[in-house]
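[1] One predicted model, sequence on top.
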Amino acid sequence: MAAATRTRYTNGKIWTADPDRPQADTLVVEGERILWIGDCHDLPQGLSACPEVDLGGARVIPGFVDAHMHALMLADYSKRISALPPDITSIEELVEAVSRRRAEQDPDAWVLGWGYDESLLAEKRSPTRWDLDRGCPDAPVCIMRSCGHIRCVNSRALELAGITRDTPDPEGGEIERDVNGEPTGVLKENARELVCSVLPQRGEDDLVRDVCDLGDLLASQGIVAATDMCALDGGDAFPPLRAAGKAGLKQDIASYILWDYVKDDPSYAIAPEAMDRSNRVFMAGIKLLCDGSVSGRTAWFDRPYLSSDEGDPEACGMPTCTEEDIDAAIAFCRRTGCQLSAHAMGTRTIDRVVACLDKAGLWEVPLAPGAPAARIEHVTAPTREAIETMARDGIAVVTQPIFPYAEIGAYLTNLGAERTRRYYPLRALLDAGVDLCISTDAPATSWATPSDPFPNIKAAVTRRAFDGTDFGQDQAICVSEALALYTREAARMAGFEGLGMLRPGYKASFVVLDRDILAIDPSEIDLVHAAATYIRGEKVFEH
């Protein structure tokens, strides 16, 4: 077997995310791995003769790891109507887009879209079945809300799914109804599943092609690894993702399956070989949805949403699972040796999940050294007691500062300025010693390019929304902390082997930036781009 090719990268401002050697100017890659890193004057003599790439003084960082996104959804949504600004800024524009797509398709084909957020629409309300009927009265229409927890469908889709005024709300969900009791077409939380059986299913070949195309987009954003935090259409994302890995997808991918889809199947199991982190695509664990979203007013808080009936218990949001569901998921993960990921945004939900985990105790994840057994997603509004328990027990937090950055209108409307400034407490979580990383939850946020890391980092560092609104300066973190949470800590959260730092033996997955993110004004961080991205020693993107 021929020796692996060596390449020496010189004259760089390399930020390594390695606490033992934070900075370097020279990197030597052998095959897919880093052989040596340090300062040029310390380069061993035997490495000085290998081919050289001059980095031209550019800032180099480890490749980004998005520890919470929905890769398969993001790949699929790229083919659908985007209901986000600047493409769509009103319900009328959405109706026109639905009408255009209907004219382009076969008569019975579904019209599919994603991304609407009523706070970003001129009418300041959700679309309804009757709005969508104006764009397409004869074929089914389904538009997913930006949060991914709510669908709006037209009358034809309701008919196909058998949803009428007499259909009861499912547990942990709501069929929104008008004053006359008629379904409006808005299906919240578990009610959104009522149309899954009639939605069109794409073939695996189409999904694989879309995921490979997504890999090109992620590479252009400096993302070298990502997760699929579950499909929301009743399926398992792992098979098409694994096929995409064999078909040319470059990124490492960790896949999770929604507990709702397997909890009633006593035969369901995750094979140890599927969890092998040496595979480019692997199964990481179970995802459990425990409440909804802030912008959809379904995250379960201890205080009512604004403009709500203070005496209405639903005004605080809703749980979408029971404590028995949480305990059963914990038992499965302990038995299987996989990771538990629990979606918990509101205060009540966070307290509930933390209490269940604290009572049960954590377990080993044998195939992912250093990875936490349990991670809680989002953690919008934790109490001090919850933070202390998470730090003590080793319960990790994967959060998204991009939410208030992109959805500030919905946060101010639903929660008010004072609560918004206290939420997503990055500084408090870090100072308490909680294992923490940041991610995007793409495509479940109201941003035109939801997987872009740089607006997310800007949000964490400046704690100002896209329009300049302050959402909690005292919870800001510095740029190097944000980068660490997006590289080293993010890789550890999902158990990615050899990623997140630039050190000998790690994968040569790194990004050359077009400007120095550690030197520019933080207000300009969203203007940073990847100039080149390397994954396992291969240049997969160059601007």
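    Thanks, I have the structure now.

[2] Return the distance of the longest strand anywhere in the chain from the chain's centre.
    In the chain, taking DSSP state E as the definition, the longest strand is strand 281-289. Relative to the centre of its chain, strand 281-289 is centred 13 Å away, using Cα atoms, centre = their mean, to the nearest Å.

[3] average model confidence for that strand?
    For strand 281-289, the mean per-residue pLDDT is 97.

[4] export it as PDB, just CAs?
    The C-alpha atoms that make up strand 281-289 are tabulated as PDB, following Å, rounded to 0.1, in the frame of the first residue of the first chain:
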ATOM      1  CA  VAL A 281     -22.700   8.300   8.900                       C
ATOM      2  CA  PHE A 282     -23.800   6.700  12.100                       C
ATOM      3  CA  MET A 283     -26.800   6.400  14.500                       C
ATOM      4  CA  ALA A 284     -26.400   8.400  17.600                       C
ATOM      5  CA  GLY A 285     -29.600   7.900  19.500                       C
ATOM      6  CA  ILE A 286     -33.200   8.800  20.200                       C
ATOM      7  CA  LYS A 287     -34.900  12.200  19.900                       C
ATOM      8  CA  LEU A 288     -37.800  13.000  22.200                       C
ATOM      9  CA  LEU A 289     -40.100  16.000  21.600                       C
END
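
[5] Which strands or helices does that strand pack on?
    Packing partners of strand 281-289 (3 or more Cβ pairs under 8 Å, 6 or more residues apart in numbering; DSSP states H and E): helix 238-247, strand 252-258, helix 323-336, strand 339-344. C-beta here means a position set from N, CA and C on the backbone, and glycine is covered the same way.

[6] closest to Ala231 out of the ones you listed?
    strand 252-258 (7.0 Å; Cβ to Cβ).

[7] Tell me which stretches of the stretch 351-500 of the chain form strands.
    Along the stretch 351-500 of the chain, counting by DSSP state E, counting those that start in this stretch, strands occupy 374-378, 396-399, 436-438.

[8] just to revisit the earlier point, and the helices and strands packed on strand 281-289 as a markdown table, adding mean neighbour count?
    Formatted as a markdown table, these follow (neighbours: other Cβ atoms under 10 Å):
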| stretch | mean neighbour count |
| --- | --- |
| helix 238-247 | 20 |
| strand 252-258 | 26 |
| helix 323-336 | 18 |
| strand 339-344 | 29 |
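
[9] In CSV: the ones you listed, plus distance to Pro51.
    Putting the helices and strands packed on strand 281-289 into CSV (distance: least, Cβ to Cβ, whole Å) gives the following:
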stretch, distance to Pro51
helix 238-247, 29
strand 252-258, 26
helix 323-336, 45
strand 339-344, 40
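
[10] Mind putting those into CSV with distance to Ala476 and mean pLDDT?
    Below are those laid out as CSV (distance: least, Cβ to Cβ, whole Å; pLDDT from 0 to 100):
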stretch, distance to Ala476, mean pLDDT
helix 238-247, 35, 96
strand 252-258, 29, 97
helix 323-336, 32, 97
strand 339-344, 23, 98
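
[11] Sheet partners, orientation included, of the longest strand of the chain?
    Using DSSP bridges, the strands paired with strand 281-289 are strand 252-258 (parallel), strand 339-344 (parallel).

[12] Take these and lay them out in a markdown table including distance to Thr389.
    Formatted as a markdown table, those follow (distance: least, Cβ to Cβ, whole Å):
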| stretch | distance to Thr389 |
| --- | --- |
| strand 252-258 | 23 |
| strand 339-344 | 13 |
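
[13] closest to Gly46 out of those strands?
    strand 252-258 (30.3 Å).

[14] What ranges does the stretch 101-250 of the chain have for its helices?
    Listed in chain order, the helices of the stretch 101-250 of the chain (DSSP state H, counting those that start in this stretch) span 129-135, 155-161, 204-220, 238-247.

[15] between those, which gets nearest to Asp516?
    Going by Cβ to Cβ, the one of these nearest Asp516 is helix 204-220, 19.4 Å.

[16] Skipping adjacent residues, who's closest to Gly172 in space?
    Leaving aside its sequence neighbours, Gly172 sits nearest to Thr320 (Cβ to Cβ, 6 or more residues apart in numbering; 3.8 Å).

[17] do Glu489 as well
    Glu489 sits nearest to Cys437 (Cβ to Cβ, 6+ apart), 4.1 Å away.

[18] And Leu55, by the same measure?
    Spatially, and ignoring its direct neighbours in sequence, Leu55 is nearest to Gly12 (3.5 Å; Cβ to Cβ, 6+ apart).

[19] Quick one: neighbours of the one you found, just the number.
    21 (other Cβ atoms under 10 Å).

[20] just Ala49 next, same as before
    Ala49 has 9 neighbours, counted by other Cβ under 10 Å.

[21] give the contact list for the residue nearest to Glu489.
    Shown in contact with Cys437 (Cβ atoms under 8 Å, 6 or more residues apart in numbering): Ala67, Ala396, Val397, Val398, Thr399, Leu485, Tyr486, Glu489, Ala490, Arg492, Met493.

[22] List just the nearest of those to Leu27.
    Relative to Leu27, the closest of these is Tyr486; by Cβ to Cβ it sits at 19.5 Å.

[23] just to revisit the earlier point, how far away is the residue nearest to Gly172 from Arg348?
    Distance of Thr320 to Arg348, given as Cβ to Cβ, to the nearest Å: 12 Å.

[24] Then Ala373?
    In terms of Cβ to Cβ, Ala373 sits 23 Å off from Arg348.

[25] Tell me, how many residues neighbour the closest residue to Ala484 other than its chain neighbours?
    Distances taken as Cβ to Cβ, 6+ apart place Ala17 nearest to Ala484, at 5.5 Å, with adjacent residues excluded. Neighbourhood size, Ala17 [other Cβ under 10 Å]: 22.

[26] and if you look at the one 3 residues further on?
    Look at Asp20: counted by other Cβ under 10 Å, it has 7 neighbours.

[27] Tell me who's in contact with it.
    Arg503.

[28] got it, and Leu158?
    Arg129, Thr164, Pro183, Gly185 are the contacts of Leu158 under Cβ under 8 Å, 6+ apart.

[29] Serialize the contacts of Cys437 to TSV and add fields for neighbour count, distance to Ala231 and pLDDT.
    Converted to TSV, those look like this (neighbours: other Cβ atoms under 10 Å; distance: Cβ to Cβ, whole Å; pLDDT from 0 to 100):
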residue	neighbour count	distance to Ala231	pLDDT
Ala67	33	17	98
Ala396	25	23	98
Val397	27	23	98
Val398	28	18	98
Thr399	28	22	98
Leu485	27	26	98
Tyr486	30	24	98
Glu489	21	26	98
Ala490	27	21	98
Arg492	22	25	97
Met493	30	20	96
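
[30] Let's have these in a markdown table, adding distance to Ala329.
    Output for the contacts of Cys437, formatted as a markdown table (distance: Cβ to Cβ, whole Å):
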| residue | distance to Ala329 |
| --- | --- |
| Ala67 | 19 |
| Ala396 | 16 |
| Val397 | 18 |
| Val398 | 17 |
| Thr399 | 20 |
| Leu485 | 26 |
| Tyr486 | 27 |
| Glu489 | 24 |
| Ala490 | 23 |
| Arg492 | 22 |
| Met493 | 18 |
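
[31] Relative to Gly235, which of those residues is nearest.
    Closest approach between the contacts of Cys437 and Gly235, by Cβ to Cβ: Ala67, at 21.7 Å.

[32] Is it correct that that closest one is in contact with Arg488?
    No - if you go by Cβ atoms under 8 Å, Ala67 and Arg488 don't touch, sitting 11.1 Å apart.

[33] Tell me which helix or strand Thr320 sits in.
    Per DSSP states H and E, Thr320 falls between elements, in no helix or strand.
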